[in-house]
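A.B. asks: Compute the structure for the input listed below.
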Amino acid sequence: MDRSYIEKNAQELARLRALVARMSDDDLRRQMNPEWTVAATLLHVAYWDRRALWLADKIARGEPFIAAEAEPDPPDWLNDTVRPFLHAIAPRTAAEITLRTAEECDRRVAELPAEKVYPNDQTSFLNAFRSGHRIEHLDEIEAALRR
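C.D. replies: Model (predicted):
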């Protein structure tokens, strides 16, 4: 069973931790594009990690996934719907929530049997590589901070 997700998640968690530690409140308020601030983007990552935690609970209880729980493809409507709520949270609080959620998510995913998570189980709704989503958005945040 592939468990390389544990190390990859840990690497991106360390990157997230370092980024949050060095960002000022002004950095967190910075617009990444017309629709998203840095803080809201961090909370977007936390939202999807929180979903992973919910799925991890189902796996731990031995409950099967149902079709209605599948991630929408594409998830644009969901991201756009929650965006105003994400922007309503204080930027420093957003960063702290994101970090705590990532830490909890990585711990819980690592505790699950490897055969119960994607990609080992191709039918699992829980992608154990939380790092993939974080890489995408941490790269965007770092690029925005360099501008």
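A.B. asks: Secondary structure element holding the most centrally placed residue in the chain?
C.D. replies: For the chain, the residue nearest the mean C-alpha position is Val45 (3.3 Å; Cα atoms, centre = their mean). Using DSSP states H and E, Val45 falls within helix 38-61.
A.B. asks: Quick check, pLDDT for the closest residue to the residue nearest to the centre of the chain other than its chain neighbours.
C.D. replies: Of all residues not flanking Val45 in the chain, His137 sits nearest, at 5.2 Å (Cβ to Cβ, 6 or more residues apart in numbering). The C-beta positions use only the backbone N, C-alpha and C, and glycine is treated the same way. As predicted, His137 sits at a pLDDT of 97.
A.B. asks: mind checking pLDDT for the residue nearest to the centre of the chain?
C.D. replies: At Val45, the pLDDT value in this model is 98.
A.B. asks: ok so, going back, contacts for whichever strand or helix holds the residue nearest to Val45, please.
C.D. replies: Here His137 sits within helix 130-146, counting by DSSP H and E. Residues from elsewhere that reach helix 130-146 (Cβ atoms under 8 Å, 6 or more residues apart in numbering): 5, 8-9, 11-13, 15-16, 19, 23, 27, 30-32, 38, 41-42, 44-45, 48-49, 52, 102, 105-106, 109.
A.B. asks: hmm, try it at 7 Å
C.D. replies: If you take Cβ atoms under 7 Å, 6 or more residues apart in numbering as the criterion, helix 130-146 is touched by 8-9, 11-12, 15-16, 19, 27, 30, 32, 38, 41, 44-45, 48-49, 52, 105-106, 109.
A.B. asks: can you pull the buried residues of the helix holding Val45?
C.D. replies: The neighbour-count check on helix 38-61 (16 or more other Cβ atoms under 10 Å) flags 38-52, 55-56, 58-59 as buried.
A.B. asks: How about stretch 114-132?
C.D. replies: 114, 116-117, 121, 124-131.
A.B. asks: Next, the distance between the ends of it.
C.D. replies: This stretch, stretch 114-132, spans 17 Å end to end (Cα to Cα, to the nearest Å).
A.B. asks: Quick one: mean pLDDT over that stretch.
C.D. replies: Across stretch 114-132, the average pLDDT comes to 97.
A.B. asks: Could you do stretch 63-81 as well?
C.D. replies: When pLDDT is averaged over stretch 63-81, the result is 94.
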